[in-house]
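Student: Got a predicted structure here, sequence first:
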Amino acid sequence: MGEKLSLSYNENVSKLNEILNLDTNFDIIRKGIRVAGRDACIYFIDGFLEEAIMEKLLEFFYKLKPEEMPETARQMVDHVVPYVEVSVITEQDDLIKNLLSGVTCLLIDGYDACIGLDCRSYPMRSVDEPSKDKALRGSKDGFVETLVFNTALIRRRIRSPKLTMEILTAGKTSQTDIVLCYMENRVDRKLLRELRGRINTIKLDSLTMNQESLAECIYERKWVNPFPKFKFTERPDAASAAILEGNIVVLVDNSPQAMIVPTSVFDIVEEADDYYFPPVTGSYLRLTRFLIAIITLLLTPTFLLLFQNPQWVPEWLAFIQIKEPVNVPIVWQFLILELAIDGMRLAAINTPSMLSTPLSVTAGIVLGQFTVDSGWFNAEIMMYMAFVAIANYTQSSYELSYALKFMRLIMLVLTSLFGLWGYIAGFALTLAAIAGNKTIAGKSYIYPLFPLNLNQLKKRFLRLRLKEETEGK
């Protein structure tokens, strides 16, 4: 239990002024007022206050008469204060936490509690469609960095009393707000208890990188396996759909992304467009995404294997063989280009938007034409790597794209060293990494493939009619 507030107004104010260091912190403001002839003051953070609401409340407090003042702060909150989001704070630590979260705190002489007035107005951007999780159809809104707006976007889509928004905090210093969103009648109770327990036992000073810091704390197994353990989305419709399927969506304050648990590899490959188009089109998009993911993994190692063993190439595929002299070993060309593509991607992120187009054209000409003419790279290698680089963006998950990239690099190295056996070993290692991965609930990462559930497996590969999917649950 923390230290209780005192009946002495001056004692409370003196302690708060010392703790908050008002003489130095310009954005923490204390304003003295009179309420029904009593000394009082409000504490608030400059920039978090909704001034229009506060002005109306102050006008009300100034008009209060001594005979209208109740005996306790609880009675004051329940029967006098004309505002909805108001609470009674009795402990000093809770007062500090609420104040630094943006709640306006009112202290009145004669009350051993503080009145919390939640008239916050956070700085925020608009709920525009996220730049990464775009959809050709469907809603065009996206999560923002303000937690309460994100929960409202989900509430707007699921108007059920069974939808639960449970708030927790983590980080000794940051006191970061975390919300668990789930359907009371559909959630996995065991997973919910485990997740809640892991968050409550986090021993960190702060969640520096928001959701990534949280993910590393709640996933207790080793992170050597590169395949993603969570699915992230910035789309409220995707998060709402996951909640209705019985999953838990984790929202972290100051983060515009929702974390969905538990997550299998089939969940990560799915996208919103699969459901915003008719079943035939949605199935085609989903199967295409699966196929391209496999091609991006196998294309360059397969080409390297065939280059090492030209006798395996049938006559009708003879055109794929390299015609020009090979000055740099093929495997090194692939590895250098893998690194160069990531370098260009990082450069594009840090390039001003007005310069990104001309610089991209220049880089394409220089790295494409002149590197081939100079003999550093062969044209066939450039073409295959260009396909792989573009095809990676068919996956909405960055984590899955990089997992496939890491396994592709391993396959390239093993194939160059051991030929066919290295190729087989690399592919087997990839399958083992996928099959051996576990969800946060400790279940199979490749369900419903293992354990086998044909009805659910069909729904993972094909986009069925909504009625059929509902009946299958």
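Tutor: Cool, the structure landed.

Student: who's in contact with the nearest residue to Thr288 once chain neighbours are set aside?
Tutor: Spatial nearest neighbour of Thr288, chain neighbours left out: Thr394 (7.6 Å); criterion: C-beta to C-beta, 6 or more residues apart in numbering. The way it works is simple: take the backbone N, C-alpha and C, and place the C-beta from them, glycine included. For Thr394, the contact set (C-beta atoms under 8 Å, 6 or more residues apart in numbering) comprises 288-289, 292-293.

Student: Buried among those residues? Need that as a selection in ChimeraX.
Tutor: For anyone working in ChimeraX, the buried entries among the contacts of Thr394, judged by 16 or more other C-beta atoms under 10 Å, can be selected with:
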select :289,292,293
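
Student: what are the phi and psi values for Leu412?
Tutor: Main-chain torsions, Leu412, degrees, to the nearest 10: phi -60, psi -50.

Student: pLDDT score assigned to it?
Tutor: Looking at Leu412, its pLDDT reads 97.

Student: okay, now it: neighbour count?
Tutor: A count of nearby residues for Leu412, using other C-beta atoms under 10 Å, gives 24.

Student: gap between Asn10 and Asp109?
Tutor: 8 Å (C-beta to C-beta, to the nearest Å).

Student: how much space between the residue most central in space within the chain and Ile218?
Tutor: Nearest residue to the geometric centre of the chain (C-alpha atoms, centre = their mean): Gln257, 3.2 Å. As judged by C-beta to C-beta, Gln257 and Ile218 stand 15 Å apart.

Student: returning to what we had before: neighbour count for Asn10 and Asp109, which is higher?
Tutor: Asp109 (17 against 10).

Student: so that one touches Ala36, yeah?
Tutor: No - in this structure Asp109 lies outside contact range of Ala36 using C-beta atoms under 8 Å: 10.0 Å.

Student: Surely Cys181 touches Ser160?
Tutor: No - assessed by C-beta under 8 Å, Cys181 is found out of contact with Ser160, at 11.9 Å.

Student: So which residues of the stretch 251-400 of the chain form strands?
Tutor: 258-261 (DSSP state E, counting those that start in this stretch).

Student: okay, now the domains of the protein?
Tutor: 9-117, 147-263, 277-436 (automatic domain parsing).

Student: So which of those is the most surrounded?
Tutor: Counting by mean count of other C-beta atoms under 10 Å, domain 147-263 has the highest mean neighbour count of those, with a mean of 18.

Student: And that one, end to end?
Tutor: Terminal residues of domain 147-263 lie 22 Å apart, using C-alpha to C-alpha, to the nearest Å.

Student: Show the average pLDDT along that domain.
Tutor: Averaging pLDDT along domain 147-263 yields 92.

Student: residue contacts, Pro226?
Tutor: Pro226 touches 399, 402-403, 406-407, 433, counting by C-beta under 8 Å, 6+ apart.

Student: how about a cut-off of 7 Å?
Tutor: Residues in contact with Pro226 (C-beta atoms under 7 Å, 6 or more residues apart in numbering) are 402-403, 406.

Student: Which residues does stretch 73-86 contact?
Tutor: 57, 60, 68, 70, 88, 111, 113, 115-118.

Student: Tabulate the contacts of Pro226 (CSV), appending secondary structure.
Tutor: Below are these laid out as CSV (DSSP: H, G, I helix; E, B strand; the rest coil):
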residue, secondary structure
Tyr402, helix
Ala403, helix
Phe406, helix
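
Student: want to throw those into a markdown table with distance to Pro314 and pLDDT?
Tutor: Listed next are the contacts of Pro226 as a markdown table, based on distance: C-beta to C-beta, whole Å; pLDDT from 0 to 100:
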| residue | distance to Pro314 | pLDDT |
| --- | --- | --- |
| Tyr402 | 34 | 94 |
| Ala403 | 32 | 95 |
| Phe406 | 31 | 96 |
